[in-house]
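Trainee: Pasted the sequence and its predicted model underneath.
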Amino acid sequence: MVDHSLMPELALVPAWTALFLGVFALFAGIGELRKPGHWERMLGEIAGSPALQLITALLELFLGAVVYLANPWASPDWLSSALSVLGGLMCVEALAILAFSDVYMAFWLRRFGPLSKLWTWASILFGVALIAVAIEHFSRSSL
């Protein structure tokens with residue numbers, strides 16, 4: 001027999017996913033604010049190393065697949081559907097890195113330098129928004 005009281009509340013998966021992605025984006029942005037140029041150097045290192053390109057693509061493909069599979073597309077919860085799309089886009093980006101890393105990384109390196117502050121603040125705001133949405137979902141489920 002399965003004790004269903006020990007089963008996780010699956011309705012909260014989108015909220016937990018949003019919370020973890022939000023915290024990641026927020027703190028990545030804070031790290032870049034503290035030490036400007038780290039993201040650009042990171043992209044340069046990935047662009048220059050086939051091994052890092054493969055590892056980056058594999059990690060993003062894995063995480064994208066987990067986000068996609070954990071958050072059903074055909075859900076009445078808009079957050080689940082949105083996260084499913086985000087997970088799918090992560091998988092597509094991972095495949096682009098694998099197949100076209102020279103072109104893809106050069107594209108981002110050209111756009112990152114002059115807009116680094118914009119990307120940093122976008123990451124912070126995206127993180128805060130995801131955290132806020134997660135908190136709202138948690139509070140709504142406890143009612």
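Mentor: Thanks, I have it.
Trainee: Find the nearest non-adjacent residue to residue 131, please.
Mentor: Spatial nearest neighbour of residue 131, chain neighbours left out: residue 22 (3.9 Å); criterion: Cβ to Cβ, 6 or more residues apart in numbering. Yep, even glycine has a C-beta here, placed from its N, CA and C like the rest.
Trainee: I figured the one you found hits residue 127, correct?
Mentor: Yes - the criterion here is Cβ atoms under 8 Å, and residue 22 meets it with residue 127 at 4.6 Å.
Trainee: tell me the secondary structure for the residue nearest to residue 131?
Mentor: At residue 22 the chain is in helix, as set by DSSP: H, G, I helix; E, B strand; the rest coil.
Trainee: any idea how far it is from residue 16?
Mentor: 11 Å (Cβ to Cβ, to the nearest Å).
Trainee: neighbour count winner among those two?
Mentor: residue 22 (20 against 16; other Cβ atoms under 10 Å).
Trainee: show me the residues around the more buried one that make contact.
Mentor: 126, 127, 128, 129, 130, 131, 132, 133, 134 (Cβ atoms under 8 Å, 6 or more residues apart in numbering).
Trainee: Residue 128 too?
Mentor: Residue 128 neighbours (Cβ under 8 Å, 6+ apart): 22, 26.
Trainee: Quick check, pLDDT for it.
Mentor: Model confidence at residue 128, expressed as pLDDT, equals 98.
Trainee: again, but for residue 132
Mentor: 98.
Trainee: can you count the residues close to residue 137?
Mentor: 21.
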